[in-house]
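> based on what follows, work out the 3D shape:
(chains A and B)
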Amino acid sequence: MRIDEKLIKRRKGAQTVMWNVFRGASLVNAAALGVICIFLFYNGLPAISWEFLTQPPRDSMTAGGILPCIIGTIILSVGSMAVAFPLGVCAAIYLNEYAKAGKLVRIIRLGIANLAGVPSVVFGLFGLAFFVTFFGLGVSIISGILTLTILVLPVIIGTAEEALKSVPNTYREASLGLGATKWQTIKLVVLPAALPGMLTGAILGLSRAAGETAAIMFTASVFYAPKLPTSIFSDVMALPYHIYVLATAGTEIEKTRPLQYGTALVLIALVLGMNLIAIVLRAKLQKKR
Amino acid sequence: MAISRKLKDDLIKYFFMLMAMVSIIALGLIMVYLFLEGLPLFKDVSVIDFIFGSFWYPTSKPAEFGIFPLIVASVAVTVCSSLIAIPLGVMTAVYLAEIATPRARGIFKPLVELLAALPSVVIGFFGMVVVAPFLQDTFDLATGLNLFNASLMLAFMSVPTICSVSEDAIYAVPRDLKEASLALGATHWETIRRVVVPASLSGVSTAVILGMSRAIGETMVVLMVAGGAAMSPTSIFSPIRPMPSSIAAEMAEAPFRSDHYHALFAIGIVLFLFTLVFNIIAQHVAEKHKQVGAATL
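Residues are numbered from 1 along each chain as shown, chains lettered A, B, ... in the order given. Next up is the predicted model:
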């Protein structure tokens, strides 16, 4: 009998040890995020000033601010979302509301899943070959927006489909039962119910596009643009590319360190801020259900 | 009236179908244009020399376009980062799905999602200014920008992917299996080890493959912290130049439609095929061993 007790103790002990190991693994992830954020806040905050946020760079980019980069990043991410969101929502409506299980749907899903796995630098190459060269759009805002659109499309479709799935079938049946057509049902019943969930996806897509570097470095962003963009055919400066250029290719990498920290801080504040909004929004939606 | 209503509904359906096809069309166009711009290289260089050639001197005369060291570098950095990311990601997933209290879960899950949201250029920047000097001082190296640094940074980029896909798989394990194990007197940990993990193995494998696919295609991190030497690595601290960083670093200086330009697109083809194969395997595993209920075990 005593032996059995010992065995149970050992098995319980093993469980306690493993629990701590698993908890430790989660803590490592949290710590990684924490260290990066705290480090950037600590070093970046002194660089942030009104001038930094509202002035263009001066003295061959060793002083001044990052206004053109902020504007460029906003134009690129909002622009790509303006194209990708309607497109992605329509695709999700087809997949969730119209399509019957079959070959076509399987191929479409396979395409979406594989599109999501394409490396961002390959999107950059494609944008260069297709939008910049073949369509002759040049290194421009529109080339960047279209490249980013394809890149964020899988994210939008995925979340939009989740949102549509969460609309109870009774809603659809009630509407159809009243004599509405399928399209009327979707437009007046399903979409309004699913819209908040879809917005979460739009915010996530926005933040993904804002942080993306490799896809825009051949298609839209430049090292230095003397003035703010005037049309969709202008090239732009963007926050992620600005960090990369200052940190690796600038003539005075050490001297511009504060600018690099400041730019990185603005970028993560923007991206993590949007993600936090999306997370809170989603939590609220789940609670309501 | 009834006919026109039906016609309108059909037209709307076909419109949505068209929108849904945009993704496949885009994927197809990506392939076509990579090949259009990459294949002209093989007029001058044979495929064998390109893939197995061990010298990458695209700008010297005569130029050499051997990407073998680049492929080795990509594989090395992917394997090394996986060695860190797989245990970390899977253990976090088990913690979130099985062990964490709802409150702890409510804190840790968003944190993992935020980790996934960190822009790669920021992680690369962190690797450059913090990890690199630290490695250089601690291990007395010529440069802190090397295989180990890149693997470490990449690991934290693939952890969220591995974690969230594995977590879904662990959740999908039927409840009666777990209860059966607990009822037989197994502890919770024994149940996880002998029942939950084996039952969710196909989902976890999918997660691992997707995580590796993410690591091999990741660009900014390897561009900034891998060191950039186009040689096969000899140690864990060798500077390397994986495929994505070659494309990103050299595209700006490659003359339009020169051999160098075509070679970079050809690297893009190789990279694209790598990730495509990874993704197809992942989908195959997920589909074949789909957990529909206890009966499939």
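
> ok, then the element right after the longest helix along chain A?
If you go by DSSP state H, chain A has its longest helix at helix A:2-44. Past helix A:2-44, further along toward the C-terminus, the next helix or strand under DSSP states H and E is helix A:50-54.

> still on that earlier bit, what mean pLDDT does the longest helix of chain A get?
Per-residue pLDDT values across helix A:2-44 average out to 90.

> near chain B at all, that helix?
Yes. Using CB under 8 Å from any CB of the partner chain, helix A:2-44 reaches chain B at A:11-12, A:14-15, A:18-19, A:21-23, A:25-26, A:28-30, A:32-33, A:36, A:39-40. C-beta: built from backbone N, CA, C; applies to glycine.

> can you select the buried ones from these in PyMOL?
PyMOL command restricting these to the buried ones, with burial defined by 16 or more other CB atoms under 10 Å in any protein chain shown:
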select buried, chain A and resi 15+18+22+23+25+26+28+29+30+32+33+36+39+40
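
> quick one: average pLDDT of stretch A:146-166?
Averaged over stretch A:146-166, pLDDT sits at 94.

> show the pLDDT at the residue positioned nearest the centre of chain A.
Taking CA atoms, centre = their mean, the centroid of chain A lies closest to residue A:208, which sits 1.7 Å from it. Reading off the confidence values, residue A:208 has pLDDT 92.

> count of residues packed around residue 10?
Defaulting to chain A. Taking other CB atoms under 10 Å in any protein chain shown as the neighbour definition, residue A:10 ends up with a count of 10.

> sorry, should have said chain B
For residue B:10, which is what you asked about, the neighbour count (other CB under 10 Å) is 12.

> that's a helix at it, yeah?
Yes. Assigned with DSSP: H, G, I helix; E, B strand; the rest coil, residue B:10 falls within a helix.

> which is the next helix or strand following the host helix or strand of residue A:208?
Element membership of residue A:208 [criterion: DSSP H and E] is helix A:191-211. Using DSSP H and E, the helix or strand that directly follows helix A:191-211 along the chain is helix A:239-248.

> just the buried residues of the helix holding residue A:208, please?
Within helix A:191-211, the residues that qualify as buried are A:191, A:194, A:197-211, counting by 16+ other CB under 10 Å.

> compute the inter-axis angle for that helix and helix A:239-248.
20 degrees (axes from the mean of the first three to the mean of the last three CA atoms, to 10 degrees).

> and helix A:191-211, is it in reach of chain B?
Yes. Contact of helix A:191-211 with chain B (CB under 8 Å from any CB) involves A:204, A:207-208, A:210-211.

> surely residue A:188 meets residue A:174?
No. Checked against CB atoms under 8 Å, the pair residue A:188 and residue A:174 is beyond contact range at 11.4 Å.

> where does the stretch 151-297 of chain B dip in pLDDT?
Within the stretch 151-297 of chain B, the stretches falling below the threshold (pLDDT under 70) are B:289-297.

> residue numbers of it in contact with chain A?
Taking CB under 8 Å from any CB as the contact definition, the stretch 151-297 of chain B meets chain A at B:156, B:159, B:163, B:187-190, B:210, B:213-214, B:216-220, B:223-224, B:244, B:247-248, B:251-252, B:264-265, B:268, B:271-272, B:275-276, B:278-280, B:283.

> one more time with 6 Å
For the stretch 151-297 of chain B, the contact set with chain A under CB under 6 Å from any CB of the partner chain comprises B:156, B:159, B:187, B:189, B:213, B:217, B:219-220, B:244, B:247-248, B:251, B:265, B:268, B:271-272, B:275, B:279, B:283.

> just these: which are in helices?
Using DSSP H, the members of these that fall within helices are B:156, B:159, B:189, B:213, B:217, B:220, B:244, B:247-248, B:265, B:268, B:271-272, B:275, B:279, B:283.

> residues of stretch B:243-252 that come out buried?
B:243-251.

> tell me the contacts of the residue nearest to the spatial centre of chain B?
Centre of chain B computed as the mean C-alpha position; nearest residue by CA atoms, centre = their mean is residue B:214, 1.3 Å away. For residue B:214, the contacting residues are B:158, B:161, taking CB atoms under 6 Å, 6 or more residues apart in numbering or on different chains as the criterion.

> mind running it again at 8 Å?
When contacts are counted by CB atoms under 8 Å, 6 or more residues apart in numbering or on different chains, residue B:214 is found next to A:117, B:157-158, B:161.

> and the next element down the chain from the host helix or strand of residue A:83?
Residue A:83 belongs to helix A:67-93 when assigned by DSSP H and E. Proceeding C-terminally, helix A:67-93 gives way to helix A:103-117 as the next helix or strand, assigned by DSSP H and E.

> packing partners for that next one?
Under the contact criterion of 3 or more CB pairs under 8 Å, 6 or more residues apart in numbering or on different chains; DSSP states H and E, helix A:103-117 touches helix A:141-165, helix B:2-38, helix B:201-217, helix B:259-288.

> looking at those helices, which is nearest to residue A:131?
Nearest of the helices and strands packed on helix A:103-117 to residue A:131, taken as CB to CB: helix A:141-165 at 4.1 Å.

> what's the next secondary structure element after the closest one?
Going down the chain from helix A:141-165, the next helix or strand is helix A:169-177, by DSSP H and E.

> residue A:133: neighbour count?
The local packing of residue A:133 (other CB under 10 Å) involves 17 other residues.

> now do it against chain B, distance only.
Going from residue A:133 to chain B by CB to the nearest CB, to the nearest Å gives 8 Å.

> now residue A:38
Residue A:38 sits 11 Å away from chain B when distances are taken as CB to the nearest CB.

> count residues in the vicinity of that residue, would you?
Other residues lying near residue A:38 total 10 when counted by other CB under 10 Å.

> separation between it and residue A:266?
Applying CB to CB, to the nearest Å, the value for residue A:38 to residue A:266 is 16 Å.

> find the residue closest to the closest residue to chain A within the stretch 1-150 of chain B in space, skipping its chain neighbours.
When CB to the nearest CB is the measure, the stretch 1-150 of chain B has its nearest residue to chain A at residue B:119, with 2.9 Å between them. With CB to CB, 6 or more residues apart in numbering or on different chains as the measure, residue A:211 is the residue that lies nearest to residue B:119, at 2.9 Å, once sequence neighbours are left out.

> now do the contacts for the one you found.
Neighbouring residues of residue A:211 by CB under 8 Å, 6+ apart: A:240, A:267, A:271, B:117-122.

> please parse chain A into its domains.
For chain A, the structural domains run A:2-47, A:50-288, going by automatic domain parsing.

> nearest to residue B:104, of those domains?
When the domains of chain A are compared for distance to residue B:104 using CB to CB, the nearest one is domain A:2-47, at 8.1 Å.

> closest residue of the stretch 151-297 of chain B to chain A?
Closest to chain A within the stretch 151-297 of chain B is residue B:217: 2.7 Å, counting by CB to the nearest CB.

> can you list the residues that contact the lowest-mean-pLDDT helix or strand in chain A?
The helix or strand of chain A with the poorest confidence is strand A:63-64; it has a mean of 81 (mean pLDDT, DSSP states H and E). The list of residues contacting strand A:63-64 from outside it, by CB under 8 Å, 6+ apart, reads A:51, A:55-58, A:259.

> ok so, going back, hmm, which two among the contacts of residue B:214 are most spread apart?
The widest separation within the contacts of residue B:214, taken as CB to CB, falls between A:117 and B:157 and amounts to 14.0 Å.

> in the stretch 151-289 of chain A, where is pLDDT below threshold?
Counting by pLDDT under 70, the stretch 151-289 of chain A contains low-confidence residues at A:250-251, A:289.
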